[in-house]
Every structure is written in C-alpha cells, then in structure tokens.
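Q: Quick check, what structure comes out for this input:
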Amino acid sequence: MPKDVIIACDFAGKEETLAFLDRFEEEQLFVKVGMELYYAVGPEIIREIKKRNHKIFLDLKLHDIPNTVGKAMKALSKLDIDMCNLHAAGASKMMRAALEGLTGEDGKRPLLIAVTQLTSTDQETMQNEILIDRPLDEVIIAYAQNAKEAGLDGVVCSPLESGIVHTACGKEFLTVTPGVRFADSEKGDQSRVTTPSRARELGSDYIVVGRPITAAADPVAAYRRCTAEFLG
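A: Numbering: from 1, shown residues only. Alright, predicted model coming up:
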C-alpha cells in the first residue's frame with residue numbers, strides 16, 4: 001500500500017501557493033488544497049498545481065443532503081484531483097450519493113475518504129457540544145465502518161486512531177491522518193497529535209502536515225525530514 005506525506009497548502013492565495021511549490025524543484029509532491037485556498041482562488045489553483053505534476057487532495061469536507069453532495073461531487077469529478085473527502089457524519093446515504101457522483105462514465109474516480117472526527121475535537125467537546133455521548137474511539141470506528149460499507153476508500157482520523165480503524169476495517173482501508181507535528185513543533189489548534197515516525201508505527205497510510213513544513217525557515221528541508229521520519 002502506498003504511503004506518502006501530504007503537504008497542507010493552507011495559503012491565502014495563488015501567488016503564495018505557487019511560490020511555495022516552486023521551491024520544490026526535485027520533488028513530486030502530494031498537496032492538500034483546503035477550503036481557504038479553494039474558496040479564494042477556485043478551480044484555477046487545481047490546474048496550476050497540476051501543471052507542476054503534483055498530486056492533489058481536495059479537502060472540502062462536503063456535508064449536506066445526499067442529492068446536493070452527489071451533484072457537488074459530480075462537478076468536482078471534472079477536476080484533475082487524486083483524492084477528496086466528505087464528513088462521515090452525513091451518514092451512509094450521503095456517502096453513497098457522493099461516490100456515485102464522483103465516479104465517471106468510465107468507472108474511474110479519485111480516492112474518496114470520510115472525516116470521522118476533526119483532530120481539534122476531544123472527548124469533552126464531542127460530548128458537551130456535539131452531544132455524542134459515546135467514547136471517541138467507538139464513534140470513530142462506527143463512522144469508519146459506515147464509510148467502508150458505503151464503498152469509500154478510507155477515512156480521515158488522528159494517527160492515534162489508525163490502528164483501531166485498520167483493525168475494524170482492514171489494512172487496505174486507508175487512514176489519512178492530520179495532527180502530525182515534529183517532536184520540537186507546537187501543537188497549534190490540534191488536540192490529538194503525534195510525530196511522523198510515531199504515525200508510521202501506528203499504521204497511518206498518509207499523513208497531512210501543514211505548518212511544520214509551510215512555516216519552516218527551509219520548507220524543502222522540513223519536507224525531507226518529514227518524509228524520512230514517516231517513510232523510515
């Protein structure tokens with residue numbers, strides 16, 4: 001199974017993003033385009049990144065009624081992306097509609113993964129604000145199983161939960177894990193975090209790393225350090 005480091009390009013605009021990517025002359029990257037960048041620039045940023053031969057995880061976390069999500073995914077299917085996502089909390093019918101919308105007439109589609117719980121969410125927040133009165137691990141396993149049954153390729157979860165997801169859903173079911181920081185980095189607004197090497201040990205298939213790379217004095221060196229630690 002492929003493993004890779006996905007760089008979260010959470011920049012405010014096109015120029016800043018492309019200037020960052022142009023620093024990587026030797027690497028073919030896997031980058032995440034999230035809401036901030038996509039809403040600011042639109043599909044143009046996808047085309048510009050693809051010109052540089054990088055892979056793209058379009059991180060828009062769709063969550064709406066099944067019909068709306070299905071049509072939105074049909075629109076996204078026309079972009080040259082490699083991975084996209086939605087919220088597992090939208091339930092099985094929504095996930096199946098998304099999968100149908102994303103799949104082309106030739107049967108091809110990007111990877112589709114479901115967000116279980118945001119890595120900024122802890123047990124207390126989930127119980128007191130989201131009003132889910134079950135253990136966090138139990139909720140994540142249930143959401144992952146729903147995603148697998150709906151035909152999705154994997155889930156977004158904390159690296160700390162990769163093991164339980166693989167145990168419940170199998171090793172081929174992907175775990176894409178944000179909340180990864182170097183041992184000497186700040187946690188930022190993440191609650192459930194770990195290091196690249198620990199994420200590897202826990203079974204993460206992809207790790208998503210933003211500020212420890214994008215805000216580093218030498219982003220290329222930081223990226224290479226991250227891949228060395230994660231890929232071993």
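
Q: Can you read off the backbone torsions of residue 167?
A: Per-residue torsions, residue 167: phi -60, psi -40 (degrees, to the nearest 10).

Q: right, I mislabeled it, should have said residue 199
A: Residue torsions, per degrees, to the nearest 10, at residue 199 are phi -60, psi -40.

Q: okay but it is in contact with residue 158, surely?
A: No - between residue 199 and residue 158 there is no contact under CB atoms under 8 Å: 9.2 Å. C-beta here means a position set from N, CA and C on the backbone, and glycine is covered the same way.

Q: shared neighbours, these two?
A: Common neighbours of residue 199 and residue 158, counting by CB atoms under 8 Å, 6 or more residues apart in numbering, are residue 177.

Q: List every C-alpha atom in the longest strand along the chain, with coordinates, as PDB.
A: Looking across the chain with DSSP state E, the single longest strand is strand 55-62. Taking Å, rounded to 0.1, in the frame of the first residue of the first chain, the C-alpha atoms of strand 55-62 are listed here in PDB:
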ATOM      1  CA  LYS A  55      -0.900  15.100  -6.800                       C
ATOM      2  CA  ILE A  56      -3.900  16.900  -5.100                       C
ATOM      3  CA  PHE A  57      -6.100  16.100  -2.100                       C
ATOM      4  CA  LEU A  58      -9.000  18.500  -2.400                       C
ATOM      5  CA  ASP A  59     -10.100  18.900   1.200                       C
ATOM      6  CA  LEU A  60     -13.600  20.500   1.100                       C
ATOM      7  CA  LYS A  61     -15.300  18.200   3.600                       C
ATOM      8  CA  LEU A  62     -18.700  18.100   1.900                       C
END
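
Q: Run through who's touching that strand.
A: 4, 6, 8, 28-35, 38, 46, 49-50, 69, 72-73, 76, 79-87, 90, 98, 110, 115, 176, 208.

Q: any chance you could map the helices in the protein?
A: 14-21, 35-41, 44-51, 66-76, 91-102, 123-128, 136-149, 162-169, 196-202, 211-214, 219-231 (DSSP state H).

Q: residue ranges with poor pLDDT in this protein?
A: 1, 185-192 (pLDDT under 70).

Q: Please name the residues that touch the residue lying closest to residue 180 once chain neighbours are set aside.
A: Nearest residue to residue 180 in three dimensions, chain neighbours excluded: residue 207, at 4.5 Å (CB to CB, 6 or more residues apart in numbering). Listed by CB under 8 Å, 6+ apart, the contact set of residue 207 reads 5-6, 159, 176-178, 180, 196, 199, 226, 230.

Q: Please render those as a markdown table that adds distance to residue 166 and neighbour count to the earlier fields.
A: A markdown table is the format used below for these (distance: CB to CB, whole Å; neighbours: other CB atoms under 10 Å):
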| residue | distance to residue 166 | neighbour count |
| --- | --- | --- |
| 5 | 19 | 23 |
| 6 | 18 | 24 |
| 159 | 12 | 27 |
| 176 | 13 | 26 |
| 177 | 12 | 29 |
| 178 | 17 | 25 |
| 180 | 17 | 30 |
| 196 | 18 | 25 |
| 199 | 13 | 28 |
| 226 | 22 | 23 |
| 230 | 16 | 22 |
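
Q: taking these as a set, which two sit the farthest apart in space?
A: Farthest-apart pair in the contacts of residue 207 is 176 and 226; separation 15.1 Å (CB to CB).

Q: re the thing from before, out of the helices of the chain, which is closest to residue 184?
A: So among those, helix 211-214 is nearest, using CB to CB, at 9.2 Å.

Q: what's the offset of stretch 165-176 from the middle of its chain?
A: 15 Å (CA atoms, centre = their mean, to the nearest Å).

Q: So what sits opposite residue 111 in the bridge?
A: residue 83 (DSSP bridges).
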